[in-house]
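Colleague: Make a model of this:
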Amino acid sequence: MQLRNCATGVVVPHNFGRHHFDRNGSHATGGTLPSGLLASVATRTVRPRVLRSQLELLGLFLANKRRKLVRTPDCVPHLGQADVLRIKCGAMKIATLCAISIRAISITMLVGTLCLGIAFPAGQTVGDAPVVPQYPNTAAGLEELMSNMIALQKKGDSKMLASYLQSLVLPDAEHWFVAEFGDNRCGEQNPGANDCMGPRFASSYQRLARIIPASFSLTLQDLIDEGLTNFEATNIAEGCSGPLRIVPDRNLLGGLTTTPMVSEALPGPVRRREPVYALWIYSEKKQTTLPFFVYSEGSFRYLGMLHEATFDEFRKGKSIAETAQPAPEAHYLTEDQLEVKNAIVDPTLVQRTVVLRVVAGADGKPREVTYVRGPEAYKEAAIESTKKRRFDLPKYPFEAFHAKTLSFCLNVVAPH
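Modeller: Modelled structure (predicted):
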């Protein structure tokens, strides 16, 4: 839904938005707006074009502050017929919309002369920028998003791709990180290692967010050049989150656990069981990963291999943010591309693969077998076949830590 300023012909989006790291981890919405200015001032991110149109709107308001304004169909030519299918304006007269004393105007209440109507975009655009379709918050949704971006990169549709790439940036990152990880003890002289995590994550993300579009574009082209255009997304907030369509390289699998963001020891999306996605990218000869994505405000957002800033970096970052700093250089976002052999699993076997969590004793006998995910039709058969197995487990956990049981994940191809 859009609002159009009939005086300027500029489309004002109906919803306003309220920041990545290198792969080594070194830095690691509004309603029907009677006041367009208030909506933008109240948000943290104001689109320059929207702000300009609203400043023009304020000037028009001041010039007409003591007059009754009449809206007639003469506002229609400003709408741009290529953008609008229908609009509720017509000959409706809106009188005394702006008859307010100049003394009553403040930053919290600035009323503009908006011609209110519902504009339905043609060609899926808002202003000059194409609209990115909404993808579901599922692993399949992320896979579809990546496939579509690869297609746009191959096609050379830079205008549409630019909208996709910009949508990957987390809006109002500080608010998101504080909400997820908290901001306790940020003002302490000697804070602990896990204190003030939200603002410290946001500090690290802020610098890299500036180059996510450029870095992602570079990465997409590299994936095309290397023939890495198959995707499997996994939700690491779930138990046993490894991929099913490929046999994952252990080095890549272990690398996904090197960021504190996915630790259940910290507050955050993983502890809350909110989806955090890692993307496995593969061909017949290579594998790599692209971590991590979350879903916020209706879109997938790229976080990268997130590492919190140190307290020194965090404090310095607050002062640096007050001065103009050059953006870091764009870089590849995927982890190492590793050579593999026979890593793609037969699709017919994938269809019968059930993921289980097994708790076994030192004798290798299963004590508990729990269903995690996979086709429901094969669940019972997979559980029963696993209960009959004996596992050759390492002795170290039992001898060194006096453990009585060992828990692990198991992919089971259920019998027909």
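Colleague: residues touching V262, list them.
Modeller: For V262, the residues meeting the contact criterion (Cβ atoms under 8 Å, 6 or more residues apart in numbering) are I236, L256, V270, V276, F292. (Glycine included, C-beta is placed from N, CA and C.)
Colleague: my guess is the first one meets Y277, correct?
Modeller: Yes - under the criterion of Cβ atoms under 8 Å, I236 is in contact with Y277, at a separation of 7.3 Å.
Colleague: if we can go back for a sec, reformat the contacts of V262 as a markdown table; add distance to E339, neighbour count and pLDDT.
Modeller: Supplementary listing: the contacts of V262 in a markdown table, determined by distance: Cβ to Cβ, whole Å; neighbours: other Cβ atoms under 10 Å; pLDDT from 0 to 100:
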| residue | distance to E339 | neighbour count | pLDDT |
| --- | --- | --- | --- |
| I236 | 24 | 19 | 91 |
| L256 | 19 | 20 | 88 |
| V270 | 30 | 22 | 88 |
| V276 | 28 | 24 | 95 |
| F292 | 24 | 22 | 95 |
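Colleague: Looking at those residues, which is nearest V354?
Modeller: Using Cβ to Cβ, I236 comes nearest to V354 of the contacts of V262, at 19.2 Å.
Colleague: before we move on, the earlier item: shared neighbours of I236 and Y277, anything?
Modeller: Any residue near both I236 and Y277 by Cβ under 8 Å, 6+ apart counts here, and that gives P291, F292.
Colleague: thinking L208 is in contact with G304, fair?
Modeller: Yes - contact status for L208 versus G304: in contact at 6.6 Å, counting by Cβ under 8 Å.
Colleague: ok, back up a step: could you identify the most distant pair in the contacts of V262?
Modeller: Checking those against each other with Cβ to Cβ, the farthest-apart pair comes out as L256 and V270, at 11.4 Å.
Colleague: hey, what's in contact with both of the two?
Modeller: Shared contacts of L256 and V270, counting by Cβ under 8 Å, 6+ apart, come down to I236, V262.
Colleague: Tell me the confidence at S35?
Modeller: At S35 the predicted local confidence, pLDDT, stands at 36.
Colleague: what do you get for M1?
Modeller: pLDDT, the model's per-residue confidence, is 42 for M1.
Colleague: With the one 10 residues further on instead?
Modeller: V11 carries a pLDDT value of 38.
Colleague: And the strands in this structure?
Modeller: For the chain, the strands defined by DSSP state E occupy 2-5, 10-13, 115-119, 125-126, 129-130, 230-235, 277-282, 286-296, 299-302, 338-339, 353-361, 366-373, 405-413.
Colleague: so which of the contacts of V262 comes closest to D195?
Modeller: Ranked by distance to D195 (Cβ to Cβ), those are led by V270 at 18.8 Å.
Colleague: unless I'm mixing things up, the closest one is touching T259, no?
Modeller: No - with contact taken as Cβ under 8 Å, V270 and T259 are classed as non-touching, separated by 10.3 Å.
Colleague: Show me which residues of stretch 352-363 are buried.
Modeller: For stretch 352-363, burial by neighbour count (16 or more other Cβ atoms under 10 Å) applies to R352, T353, V354, V355, L356, V358, A360.
Colleague: who are the neighbours in contact with the last one?
Modeller: In this structure, A360 makes contact with P366, R367, F391, L393, T405, L406, F408, judged by Cβ under 8 Å, 6+ apart.
Colleague: burial of the first one, as a residue count?
Modeller: Applying the criterion other Cβ atoms under 10 Å, we find 19 residues in the vicinity of P366.
Colleague: Export the contacts of V262 as TSV, with columns for distance to V413.
Modeller: As requested, the contacts of V262 are arranged in TSV below (distance: Cβ to Cβ, whole Å):
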residue	distance to V413
I236	23
L256	24
V270	28
V276	27
F292	29
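Colleague: Could you tell me which of these belong to helices?
Modeller: The helices in this structure, assigned by DSSP state H, contain none of the contacts of V262.
Colleague: What's the separation between the nearest residue to K365 once chain neighbours are set aside and V359?
Modeller: Spatial nearest neighbour of K365, excluding adjacent residues (Cβ to Cβ, 6 or more residues apart in numbering): R390 at 6.1 Å. Relative to V359, R390 is positioned 14 Å away (criterion: Cβ to Cβ, to the nearest Å).
Colleague: And R200, by the same measure?
Modeller: Counting by Cβ to Cβ, the gap from R200 to V359 is 36 Å.
Colleague: For M197, give me its contacts.
Modeller: The contact partners of M197, by Cβ under 8 Å, 6+ apart, come to F177, F181, G182, D183, P260, L266, P267, G268, E308.
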